[in-house]
Structures are given as C-alpha cells and as structure tokens.
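**Student:** Would you be able to build a 3D model of this:
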Amino acid sequence: MLQLLRNAHVFSPEPRGSCHLLISGELVAWMGQDVELPAELDAEEIDLEGRIVIPGLIDPHVHITGGGGESGEHTQIAPVPFEHFASSGITTVAGLLGTDDETRGTTSLIATARGLRNKGMSAYCYTGGYHIPPMTLTGTVRKDIVFIDPVIGVGEIAISDHRSSQPTLDEVLRVASEAYVGGMLANKAGVAHFHLGNGPRGLSLLRDAIRTSEIPPRVFYPTHVNRRKRLFEEAMDLATRGCYVDVTVYPNGSDQEGLSAEAAILLYLESGLPGERLTASSDAGGSLPRFDSEGNLIALDTGQPSALTRCLTSLLREGHSVRRVLPIFTLNPARALRLFKKGQITKGSDADLVVLDERFEVDSVMARGRWIHGPLAQGAKSSSALPVGGARS
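**Tutor:** Residues are numbered from 1 along each chain as shown. Okay, here's the model as predicted:
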C-alpha cells in the first residue's frame, strides 16, 4: 500500500520545512518537495495542509504489564492499554518489570510486547527486574537477549533504593557484561537499565563501574535521575562520560527534593552537555509510591503515557524550539536503544509519524505505516491547519 502525505511541515527532528512524504508499507520510501505519481500506482493521497509532522515518540521505560504491588497484591496496577499509547503519540515502547518480578514475570512481559506489536506498535522489553540475580526466561541475561526477539537489554535493576537487592559492584558489572555481550551477539542495544531510588549512594555504583571496567559507558542507562536535584547533578556528570541518562515525567511534577522533567530538560540543555545523551520516559503503568522512614507505603500514584506528550507540548508552548527539545523524545532514545530506523523521518526510516495540531497536541498518529489514532485513523481528514512556519525551528 502506498500513501502520499502532501504538504507536511516536517521536523525530522531537524526542521525540513514543507515536504511530501511517500509511505510504502511500514517505511518512509521518499521525502521531497515535488512529486507526481503515476495513476497506476494507486496511492492514497492525504493533504496535511501544513500541519507539523514529527517522528513517533519513543518511551524507553514502560511497565506494559503493570507495576506496583509494594503493599500487597491489591496494590498492583493494571497493564497499560494500547489506546493510551496511541492517543499519546507513542509508537515505540520498551517494557520492563519493577519491584514485583515474582508474580509478574518475563513470559508475560514478552507476551504483552508481542500483543502490542500485533496491534501495530513497535514494542521491546528488558529481561530481569529490580533484583540481582535477574529473573530470566532462558536462565541467563545473555541468552534472553540473543534468542528472544523483543528483549534488548536487562532492567530495571534497582540501586540506591530500599527495595533493591543491594547489589555490589561485582554483581552490577557481571549483569552489565551479560547484557553487553548478548547485545553484541544479537546486534541489539544490550543495555543495562538502572532504577535510581532516593538512597544517599546515588550513582556511585555506576561511576565505579565505568571507572573500573572495559564495558562501554553507553551500556549503563540510569532512569529517574531527576527525582533528587543532587542525583541529577551526578547524572549530568555521567552524560559527559558517555552514558545516556533518562528523566521521568512524573504526573504531578516533582516534590521539593526533585526536578520536574521540564525543569531537568532545560537545566541539562542550558548546561552545554552532550544533547544526544538525554532521554525522557513516562514510567507508564508503574507505581509512583511514597514511603515513610520505616518503609511503609503512605501514598501511591501511577505513571501515564500521556505525561510524556504533555511534557513535550508544554516545552513547545513555552516557546522552546522544536529542533532543541524534540530529540529527547525521539532520536535520543532511538540511539540509546540502537533502534536505528526509529526516532527520525528520513528515506528508509520506519513510518512512525505524529501529526500535531496548532496547539502542539496530538492530532493523528501513524505507526509502522498504519494510522492508529485520530481523524486519519478513522478515514477522515482533520480540518484544522497549522500554517507552514508556525513553529520555532
């Protein structure tokens, strides 16, 4: 099936101006200014009338099977519905297990990832969970990555957290090396994704791992690094050493000790650090608990996919340029997870597209060449238009 999308205002994520996009199957086959297709090709044509088109968002940290359970089975959170991702403009996810890697396991995680794929998204997952030794399907992290298609790394391994297995440096290095070699053998990311808690040790384990081993720094991929201001300062230092670092878009901003995702992103960008090393994730489906000093659960919130989109929309509405902030939600996580056909709009890339309206909100969403949300998914064309040049590039 061929689709010709005319008059798109493309951010790839760099600005490309007004373009026509030819979609063939699941790929972007061509992009340019002038095109006339022979009638016998029977391409469906859609005039986007100058609306902004960006790559589909990539969420590198999602509890696709649901999280929670820190205060008993009744506190478990339900799996995230496909429609919640689609309506948020998220076309690619990396699923994982959290504190509960006992009643929720690798088999259900892989099955859920495959189910999301069957519905049209691109879904991957990590093997393991909070604890070391990791919960795996084949018996080792390396084999899971090599032999199970959706598995691209290990995580989220908890450090600096009272719920972790209190791993030692040797244990962290052993798991990271398993992920790295598995990634080499399978031509996958092979990352070790680390959950950061509020503990005073912060990122010291990862600093020591980078300093004392030959494993490339990009393998160590910490998340929730904006939960404390001091922790975020440590994360910015890790980025200079070659790590990707991930901020969480908390649904209610942040408490006094932390930074909202928006504030963390702006602080990072204004610090002159390597822009390509920062990513953002929703923690969708995950529990966002608060504990007292004795480890008792006193409050519980839930991560939502829409938080990721709201964060991007908020930054754009505040006047921050698309080319500056968009890679954090698209190209950067694609690089971190080595999904080289994702996160950009170019010839040969996956046809994952988000059409934005004049308020930078999601209008229609295409995943792998098929419209999965919005008026275009229903066979109708939206009448709202954003004039070309209506966004800061």
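**Student:** going forward, measure contacts between C-alpha atoms and count neighbours the same way
**Tutor:** Noted.
**Student:** any idea how far the most centrally placed residue in the chain lies from residue 308?
**Tutor:** By Cα atoms, centre = their mean, the chain has its centre lying nearest to residue 59, at 1.9 Å. The spacing between residue 59 and residue 308, counted by Cα to Cα, to the nearest Å, is 8 Å.
**Student:** got any residues that touch both of those two?
**Tutor:** In terms of Cα atoms under 8 Å, 6 or more residues apart in numbering, residue 59 and residue 308 are both contacted by the residues 280-282.
**Student:** which sections of the chain are below the confidence cut-off?
**Tutor:** By pLDDT under 70, the weakly predicted segments of the chain are 38, 40, 68-71, 75, 252-256, 288-289, 291, 297-301, 379-393.
**Student:** Now do the helices in it.
**Tutor:** Secondary structure of the chain (DSSP state H): helices at 82-87, 106-118, 141-147, 169-186, 204-212, 229-240, 261-270, 306-317, 322-325, 331-336.
**Student:** on that earlier part again, is it true that the residue nearest to the centre of the chain touches residue 88?
**Tutor:** No. The pair residue 59 / residue 88 is not scored as a contact, 10.5 Å apart, by Cα atoms under 8 Å.
**Student:** anything in contact with each of those two?
**Tutor:** Counting by Cα under 8 Å, 6+ apart, the residues touching both residue 59 and residue 88 are residue 308.
**Student:** ok, back up a step: in the sheet, who's paired with the residue nearest to the centre of the chain?
**Tutor:** Beta-bridge pairing for residue 59 (DSSP bridges): residue 93.
**Student:** any idea how far it lies from residue 266?
**Tutor:** Using Cα to Cα, residue 59 is found at 19 Å from residue 266.
**Student:** can you check residue 312 too?
**Tutor:** In terms of Cα to Cα, residue 312 sits 12 Å off from residue 266.
**Student:** more neighbours, these two?
**Tutor:** Comparing residue 312 with residue 266 by other Cα atoms under 10 Å, the one with more neighbours is residue 312, at 22 against 14.
**Student:** Distance check, that one against residue 10.
**Tutor:** Remark: distance between residue 312 and residue 10 (Cα to Cα) = 16 Å.
**Student:** hang on, residue 146 packs against residue 181?
**Tutor:** No. Residue 146 is beyond contact range of residue 181, at 9.2 Å (criterion: Cα under 8 Å).
**Student:** ok, back up a step: would you write a PyMOL line that selects the buried entries of the shared contacts of residue 59 and residue 308?
**Tutor:** Those of these that count as buried under 16 or more other Cα atoms under 10 Å are selected in PyMOL with:
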select buried, resi 280+281+282
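**Student:** okay, the shared contacts of residue 59 and residue 308 in a markdown table with distance to residue 134 next?
**Tutor:** Formatted as a markdown table, the shared contacts of residue 59 and residue 308 follow (distance: Cα to Cα, whole Å):
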| residue | distance to residue 134 |
| --- | --- |
| 280 | 25 |
| 281 | 22 |
| 282 | 23 |
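**Student:** which of the shared contacts of residue 59 and residue 308 lies closest to residue 63?
**Tutor:** Of all the shared contacts of residue 59 and residue 308, residue 63 sits closest to residue 282, with 9.5 Å by Cα to Cα.
**Student:** Next up, the contacts around that closest one.
**Tutor:** 59, 61-62, 248-250, 303-308.
**Student:** Tell me how far it lies from residue 374.
**Tutor:** Counting by Cα to Cα, the gap from residue 282 to residue 374 is 21 Å.
**Student:** same deal with residue 269?
**Tutor:** 32 Å.
**Student:** more neighbours, those two?
**Tutor:** Each of residue 269 and residue 374 had its neighbours counted (other Cα under 10 Å), and the higher figure belongs to residue 374 (21 against 15).
**Student:** okay, now the spatially closest residue to the more buried one that is not a sequence neighbour: neighbour count?
**Tutor:** Distance criterion Cα to Cα, 6 or more residues apart in numbering; nearest residue to residue 374, sequence neighbours excluded, is residue 364 at 4.2 Å. Residues contacting residue 364 under the criterion other Cα under 10 Å number 25.
**Student:** OK, contacts around residue 364?
**Tutor:** Counting by Cα under 8 Å, 6+ apart, residue 364 makes contact with 89, 354-356, 371-377.
**Student:** how about 6 Å then?
**Tutor:** By Cα atoms under 6 Å, 6 or more residues apart in numbering, the residues touching residue 364 are 354-355, 373-374.
**Student:** Top of these by number of neighbours, please.
**Tutor:** Going by other Cα under 10 Å, residue 354 tops these with 27 neighbours.
**Student:** wait, doesn't that residue sit right on residue 54?
**Tutor:** Yes. Counting by Cα atoms under 6 Å, residue 354 does reach residue 54; the two are 5.3 Å apart.
**Student:** Please report the distance of residue 131 from residue 182.
**Tutor:** 19 Å.
**Student:** more crowded one of those two?
**Tutor:** Neighbour count, other Cα under 10 Å: between residue 131 and residue 182, residue 182 has more, with 25 against 21.
**Student:** What residue, apart from its backbone neighbours, is nearest that one spatially?
**Tutor:** In space, and not counting its chain neighbours, residue 182 is closest to residue 142: 4.4 Å by Cα to Cα, 6+ apart.
**Student:** Any idea how many residues pack against the one you found?
**Tutor:** Residues within reach of residue 142, counting by other Cα under 10 Å, total 26.
**Student:** cool, residue 279 as well?
**Tutor:** Neighbour tally, residue 279, other Cα under 10 Å: 26.
**Student:** partners of it in the sheet?
**Tutor:** Under DSSP bridges, the beta-bridge partners of residue 279 are residue 246.
**Student:** again with the one 5 residues further on
**Tutor:** For residue 284, the beta-bridge partners are residue 62, residue 303 (DSSP bridges).
**Student:** what do you get for residue 55?
**Tutor:** Bridge pairing for residue 55 - DSSP bridges - gives residue 353.
**Student:** contacting residues around it?
**Tutor:** When contacts are counted by Cα under 6 Å, 6+ apart, residue 55 is found next to 343-345, 352-353.
**Student:** hmm, back to that, among the contacts of residue 364, which ones are in strands?
**Tutor:** Here DSSP state E is the test, and these give 354-355, 373 as lying in strands.
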